[in-house]
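Chemist: this one's structure only:
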């Protein structure tokens, strides 16, 4: 299974993930960094890949479970 990994320290708060998959991502009201708001397993895999690709700070990645 592929899982989403989020590096909040790396996040620049550009919001591309929120625009791409708003049902999964949000931005923290305090610092603008990414917040995962729902279970990503139900999200469209293609949209999740787009969010990872569009992230300008490379704070998102998809990783296969070992």
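Modeler: Cool, got the structure. Treat the numbers as computed from the prediction; the structure is a model and nothing was measured.
Chemist: Test my guess that residue 4 contacts residue 48.
Modeler: Yes. Counting by Cβ atoms under 8 Å, residue 4 does reach residue 48; the two are 6.6 Å apart. Placement of C-beta: from N, CA and C, glycine included.
Chemist: so what does the one helix or strand residue 53 maps to touch, helix or strand wise?
Modeler: Applying DSSP states H and E as the criterion places residue 53 in helix 45-54. The helices and strands touching helix 45-54, judged by 3 or more Cβ pairs under 8 Å, 6 or more residues apart in numbering; DSSP states H and E, are strand 2-6, helix 16-20, strand 60-64.
Chemist: between it and strand 60-64, how many degrees?
Modeler: 130 degrees (axes from the mean of the first three to the mean of the last three Cα atoms, to 10 degrees).
Chemist: Tell me the buried residues in helix 45-54?
Modeler: Judged by neighbour count using 16 or more other Cβ atoms under 10 Å, the buried positions of helix 45-54 are 48, 51-52.
Chemist: Of the helices and strands packed on helix 45-54, which stretch is the most buried?
Modeler: helix 16-20 (a mean of 19; mean count of other Cβ atoms under 10 Å).
Chemist: immediately after it, which helix or strand?
Modeler: strand 25-27.
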